[in-house]
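S.K.: What follows is a predicted structure for the sequence shown.
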Amino acid sequence: MSGEPAVAFLVSREGIEQVELTEPWRAVEQVGATPRLLSPEPGKVQAYRHLEPADTFAVDEVADDADPAAFAALVLPGGVANGDLLRWQEPAREFVRGFLATGGPVAVICHGGWILIDVNAVSGRTITSWPSMAADFRNAGAEWTDQELAVCTNGLFPLISSRKPDDLPAFCTQLVASLPR
């Protein structure tokens, strides 16, 4: 990869927890990397502040057209609707599968990890998330833990995870530390 590393932020068309998109995005920019917003659909995506609509964001690239090997890291922001919508969209699943094959770091927060269950990427891994997802992760073979930050390196790719917006400082610090310099 030449120049600044690019970081993929993969989201669905709506339901993204805004701060879980904007804070990691800002952290990536601050270290000189280039964040790119990917979604299965072109246009704009709708973020939320919990259940209240917030800002919209323009999609930089459709998941079908994106080359997973062009990215140094993958960020999966949370939001219940975002995580649930993303997991059943085949272009999103295909992009995630392709990215996982690169061995690059995956950073997931809150409900963003549902798609990792659907692509069979959590078995034997340690992960944290919003507590309501604990059974989902355990049923998929993961070791779920209730802590601010979980970093799992015992697999094909580094897995960085956090539970909620309050965990963003630790999450963002670990995300940028995982980027190539």
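M.R.: Okay, I see it.
S.K.: residue ranges of the helices in the chain, please?
M.R.: Taking DSSP state H to define them, one finds helices in the chain at 18-30, 80-87, 90-102, 114-118, 134-139, 168-177.
S.K.: Packing partners of the second one?
M.R.: What that stands for is helix 80-87. Using 3 or more Cβ pairs under 8 Å, 6 or more residues apart in numbering; DSSP states H and E, the elements in contact with helix 80-87 are strand 14-17, helix 114-118. The C-beta positions use only the backbone N, C-alpha and C, and glycine is treated the same way.
S.K.: Now do the contacts for the residue nearest to Ala81 when sequence neighbours are not counted.
M.R.: Closest residue in space to Ala81, ignoring its immediate chain neighbours: Gly15 at 2.5 Å, by Cβ to Cβ, 6 or more residues apart in numbering. If you count contacts by Cβ atoms under 8 Å, 6 or more residues apart in numbering, Gly15 has them with Gln46, Tyr48, Gly79, Val80, Ala81, Asn82, Gly83, Asp84, Leu85.
S.K.: Who wins on neighbours among these?
M.R.: The most crowded member of the contacts of Gly15 is Asn82, carrying 31 neighbours; neighbours defined as other Cβ atoms under 10 Å.
S.K.: That one contacts Phe9, correct?
M.R.: No. In this structure Asn82 lies outside contact range of Phe9 using Cβ atoms under 8 Å: 11.1 Å.
S.K.: Find the residue closest to the residue nearest to the spatial centre of the chain in space, skipping its chain neighbours.
M.R.: For the chain, the residue sitting closest to the mean C-alpha position, by Cα atoms, centre = their mean, is Leu76 at 1.2 Å. In space, and not counting its chain neighbours, Leu76 is closest to Gly112: 3.5 Å by Cβ to Cβ, 6+ apart.
S.K.: How far does stretch 67-87 sit from its chain's centre?
M.R.: Centre-to-centre, stretch 67-87 and its host chain are 4 Å apart (Cα atoms, centre = their mean, to the nearest Å).
S.K.: Check stretch 29-48 too.
M.R.: Chain-centre distance of stretch 29-48: 11 Å, with Cα atoms, centre = their mean.
S.K.: Identify each buried residue in it, please.
M.R.: Across stretch 29-48, burial judged by 16 or more other Cβ atoms under 10 Å covers Ala33, Pro35, Arg36, Leu37, Leu38, Ser39, Pro40, Val45, Gln46, Ala47, Tyr48.
S.K.: Check stretch 53-63 too.
M.R.: Across stretch 53-63, burial judged by 16+ other Cβ under 10 Å covers Ala54, Phe57, Val59, Asp60, Glu61, Ala63.
S.K.: Just give me the closest of these to Leu168.
M.R.: Of all the buried residues of stretch 53-63, Ala54 has the smallest distance to Leu168: 15.6 Å, by Cβ to Cβ.
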